[in-house]
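Enquirer: I need the structure of the sequence given here:
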Amino acid sequence: MTTTADLTDETSVQVVEIISGVLSTTPGQLREEPLLGTYNWDSLTTLEALVALEGSFGIEIDLRALHSQRTIGDLVALVKSVRDGR
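Expert: Numbering: from 1, shown residues only. Predicted coordinates for the structure are as follows:
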C-alpha cells in the first residue's frame, strides 16, 4: 500500500486530482484523510472514477479491483500497476 508521503510523483498527483474531483473534495483534504470510505466511496463514485482514470491514463482497470481499494494510496498503486502491466 502507498502511504500519503508517496503521493508526490506525477502519476500520484494526477490520481489525487481526479479522485478529489469525483469525491467533491480537495486534493489536500484527500491527502490528509486518505480513507476513501470517508467520502462515500460507493458504486457510483467507483464508476465515475473508473471512467476518469481510464480516460486520463489510457488504461483499462478492473471495476472490482478499483472498487475494493480502501485508500487513495491503494488507488495510486493500482493505477501504476495497471499502467506498468504488473
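Enquirer: what is the burial count for Gly37?
Expert: When neighbours are defined as other C-beta atoms under 10 Å, Gly37 has 9 of them. No exception for glycine: its C-beta is placed from N, CA and C like everyone else's.
Enquirer: begin at 439 from now on, thanks
Expert: In the new count, where the first residue is 439, that last one comes out as Gly475.
Enquirer: got the phi and psi for the closest residue to it other than its chain neighbours?
Expert: With C-beta to C-beta, 6 or more residues apart in numbering as the criterion, Gly475 has its nearest non-adjacent residue at 7.1 Å, and that residue is Arg508. The phi and psi values for Arg508, taken as degrees, to the nearest 10, are phi -100, psi -30.
Enquirer: Arg508 and Thr476 touch, don't they?
Expert: No: between Arg508 and Thr476 there is no contact under C-beta atoms under 8 Å: 10.4 Å.
Enquirer: quick check: which element contains the residue nearest the centre of the chain?
Expert: Using C-alpha atoms, centre = their mean, the residue of the chain that lies closest to the mean C-alpha position is Leu513, 3.8 Å off. Taking DSSP states H and E as the criterion, Leu513 maps to helix 510-521.
Enquirer: quick one: buried residues of that helix?
Expert: Ile510, Gly511, Asp512, Leu513, Val514, Ala515, Leu516, Val517, Lys518, Val520 (16 or more other C-beta atoms under 10 Å).
Enquirer: which helices and strands sit right next to it?
Expert: Taking 3 or more C-beta pairs under 8 Å, 6 or more residues apart in numbering; DSSP states H and E as contact, the helices and strands that helix 510-521 lies on are helix 448-460, helix 481-495, helix 501-505.
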